[in-house]
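Participant: Take this sequence and fold it.
(one chain, ligands or ions: 1)
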Amino acid sequence: MEEENTQDSTGSNAPLITAIVLIASVLLGIGFFALRGSKKTIEPTQTTNTSVPTATVAVAPPISSTSASPSPSNVVTPTTKTITITGENFSFSPNKISAKLGDTIKIVFTNRGGTHDFVIDEFNVRTKRISSGESDTVTIVASKKGTFEYYCSVGTHRAMGMVGKLIVE
Ligand SMILES: [Cu+2]
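Facilitator: Numbers count the residues shown, from 1 in each chain. Got it, this is the predicted structure:
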């Protein structure tokens, strides 16, 4: 009893029990409060962190609406065209072809003399090496603007002038 200085020294048991219950509940309350409070006060960065995902979520809808809006405005209809190119020793005919950005070009490469192929490095296009009288077809999607060289990769044919130009505009 002497050690419980904070209690009223009335001597009866009832106030003591009441005091213990009170202290217990107060301690519980304090503990609960401390737990909740510590989350808020010790880690103020959490408040900042939680606001960041909220911002990300808020940013997300504009992205989808931005990506959705170009689609209707994309009225450009890509076309598919077929171009026949003839190869011989040592040239292509025609040696210049053109396309619009986004076009799909079907190249029918026909060989009328020697062994040749048709290659455009920038579009990863390459026909088989074909002999005289044969033909092979490749498809180019003109996904970038510029002037690209097509050539024959057999021997030194490219250096001998077996080249042409694909112009995408
Ligand atoms: Cu060739």
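
Participant: In three-state terms, label Glu122 for me.
Facilitator: helix (DSSP: H, G, I helix; E, B strand; the rest coil).

Participant: ugh, wrong one, I meant Thr137
Facilitator: Thr137 - assigned by three-state DSSP - is strand.

Participant: Give the bridge partners for it, please.
Facilitator: Legend: beta-bridge partners of Thr137 under DSSP bridges are Val108.

Participant: Look up how far Ser93 lies from Met160.
Facilitator: 15 Å (C-beta to C-beta, to the nearest Å). Quick note: C-beta positions are derived from backbone N, CA and C, even for glycine.

Participant: burial of the closest residue to His116 other than its chain neighbours, as a residue count?
Facilitator: Of all residues not flanking His116 in the chain, Gly87 sits nearest, at 4.2 Å (C-beta to C-beta, 6 or more residues apart in numbering). Counted with other C-beta atoms under 10 Å, the neighbours of Gly87 add up to 27.

Participant: Any figure for the gap between Gly87 and Val119?
Facilitator: Taking C-beta to C-beta, one finds Gly87 at 11 Å from Val119.

Participant: what's the overlap in contacts for the two?
Facilitator: Cys152 (C-beta atoms under 8 Å, 6 or more residues apart in numbering).

Participant: wouldn't the residue nearest to His116 be in contact with Phe109 here?
Facilitator: Yes. Using C-beta atoms under 8 Å, Gly87 is in contact with Phe109, at 6.4 Å.

Participant: ok, the residue nearest to Arg129 when sequence neighbours are not counted to the ion distance?
Facilitator: Excluding the flanking residues, the one nearest Arg129 by C-beta to C-beta, 6+ apart is Asp117, at 4.6 Å. Here the criterion is C-beta to the ion, to the nearest Å. By it, Asp117 lies 7 Å from the ion.

Participant: Which residues are in contact with Asp117?
Facilitator: Phe109, Arg126, Thr127, Lys128, Arg129, Ile130, Asp136, Cys152, Ser153, Val154.

Participant: And those, which of them are buried?
Facilitator: Buried members of the contacts of Asp117, counted by 16 or more other C-beta atoms under 10 Å: Phe109, Thr127, Ile130, Asp136, Cys152, Val154.

Participant: Can you tell me which of those is nearest Ile97?
Facilitator: Nearest to Ile97, judged by C-beta to C-beta, of the buried ones among the contacts of Asp117 is Phe109 at 11.7 Å.
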